[in-house]
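> got a predicted structure plus its sequence, pasted below:
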Amino acid sequence: MTNANPIASTLLDRVLVLEMVRVTEAAAVAASALIGRGDEKAADHAAVEAMRAALNELPMDGTVVIGEGERDEAPMLFIGEKVGTGQGPGIDIALDPLEGTTITAKAGPNALAVLAIAEQGCLLNAPDVYMQKLAIGPGYPDGTIDLARSPSENVRAIASAKGVEPGEIIACVLDRPRHAELIAELRSLGCGIQLIPDGDVAGVIAVTDPDTTVDVYMGSGGAPEGVLAAAALRCVGGQIQGRLLFRNDDERGRARRWGIEDLDRIYRLEDMAKGDCIFAATGVTDGSLLDGVKRRKDLVTTESIVMRASSGTVRRVRGEHRNLKA
């Protein structure tokens, strides 16, 4: 697919690729001071404040299209908030300053600070509701997965494309009561299941890394996190489908306010993230994707990943931060 705006894409590359890492680093370092302290709100607030301050230093005209959301009536980094200096390219931003607030509060694995940017109009402006998700990594034929099919049918299709038996497929699923039937169905096929307590952006990205042994991500989680995960898959390859889930009329009304008329639509990768995208994440706690922040007396270290869709480039960045106030 050609980029919607080649000039903006050049600006994304030259000005903002590594700057995105600085933004996620700032959020991760701020949140890391509260690892294991049992205070989810304080950890999230620290990450939000740090990410917002870092974004506002960048030479861009940024608009948050996926943010802390409207559900929490977020005072900062809410949907529609303008960030950056106002000078430079018009950029849409999807972010989760702390993906895994509970994980961080309990010092669990896979908490991340996450950010994706794209040219204006290239990220799905998803309402803050649940989304059913299905994702696989690169190397499979188009159409291997389909949310219109049952989990068993999708597992068999993945196994056939991989050349293995269905029982050899490993699925990543959020450990939630709502997934009891899905887990039972997968286990009836003999599948291995990696249950994760939180952090479904990391869960989706796991399908792109052979070292994780995860073949497929299944189940429901936040729609904003689905868009962030789609931006990552846009950069490194893979397939993802999502369908919004609504628990009540208020959530259906919220979707319609964001211009969504077909409430049963199945969104594919390029429906959620198209054109040129940059995805960045910094580990807050140690996980399968990234090492977490390590705090020493005079030094803080971070590990980040940054990806760009148009070039297919993936960079891992290790940072050493001195002279920090916190």
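Alright, I've got the coordinates. Numbering: from 1, shown residues only.

> for the rest of this, base every contact and every neighbour count on C-alpha atoms.
Noted.

> so which elements touch the strand or helix carrying Arg187?
Assigned by DSSP states H and E, Arg187 belongs to helix 180-188. For helix 180-188, the packing partners by 3 or more Cα pairs under 8 Å, 6 or more residues apart in numbering; DSSP states H and E come out as helix 151-162, strand 192-196.

> quick one, strands of the stretch 151-300 of the chain?
Using DSSP state E, counting those that start in this stretch, the strands of the stretch 151-300 of the chain run over residues 170-174, 192-196, 216-222, 239-245, 266-268, 277-283, 294-295, 300-308.

> need the helices and strands packed on helix 180-188 in a markdown table (columns: mean neighbour count, distance to Ala180 and mean pLDDT).
Below are the helices and strands packed on helix 180-188 laid out as a markdown table (neighbours: other Cα atoms under 10 Å; distance: least, Cα to Cα, whole Å; pLDDT from 0 to 100):
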| stretch | mean neighbour count | distance to Ala180 | mean pLDDT |
| --- | --- | --- | --- |
| helix 151-162 | 18 | 13 | 98 |
| strand 192-196 | 17 | 11 | 95 |
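
> what's the closest of those to Arg268?
Ranking these by proximity to Arg268 (Cα to Cα) places helix 151-162 first, at 15.3 Å.

> average pLDDT across the stretch of helix or strand Val23 belongs to?
Using DSSP H and E, Val23 maps to helix 17-32. Mean pLDDT, computed over helix 17-32, is 94.

> mind exporting the C-alpha coordinates of the next helix or strand after that helix to PDB?
Sequence order places helix 40-55 as the next helix or strand after helix 17-32, per DSSP H and E. Written as PDB, here are the backbone C-alpha positions of helix 40-55 (Å, rounded to 0.1, in the frame of the first residue of the first chain):
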ATOM      1  CA  GLU A  40      -2.400   1.600  40.200                       C
ATOM      2  CA  LYS A  41      -3.700   5.200  39.900                       C
ATOM      3  CA  ALA A  42      -0.500   6.700  41.100                       C
ATOM      4  CA  ALA A  43       1.600   4.700  38.600                       C
ATOM      5  CA  ASP A  44      -0.700   5.500  35.800                       C
ATOM      6  CA  HIS A  45      -0.700   9.200  36.700                       C
ATOM      7  CA  ALA A  46       3.100   9.400  36.800                       C
ATOM      8  CA  ALA A  47       3.300   7.800  33.400                       C
ATOM      9  CA  VAL A  48       0.700  10.100  31.900                       C
ATOM     10  CA  GLU A  49       2.300  13.300  33.200                       C
ATOM     11  CA  ALA A  50       5.700  12.200  31.900                       C
ATOM     12  CA  MET A  51       4.500  11.200  28.500                       C
ATOM     13  CA  ARG A  52       2.500  14.400  28.100                       C
ATOM     14  CA  ALA A  53       5.500  16.600  29.000                       C
ATOM     15  CA  ALA A  54       7.700  14.700  26.600                       C
ATOM     16  CA  LEU A  55       5.200  14.900  23.700                       C
END
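
> circling back to that earlier point, wait, which of the strands of the stretch 151-300 of the chain is closest to Ala116?
Ranking those by their distance to Ala116 (criterion: Cα to Cα) puts strand 277-283 first, at 4.3 Å.

> where does this protein have low pLDDT?
1-15, 69-75, 325-326 (pLDDT under 70).
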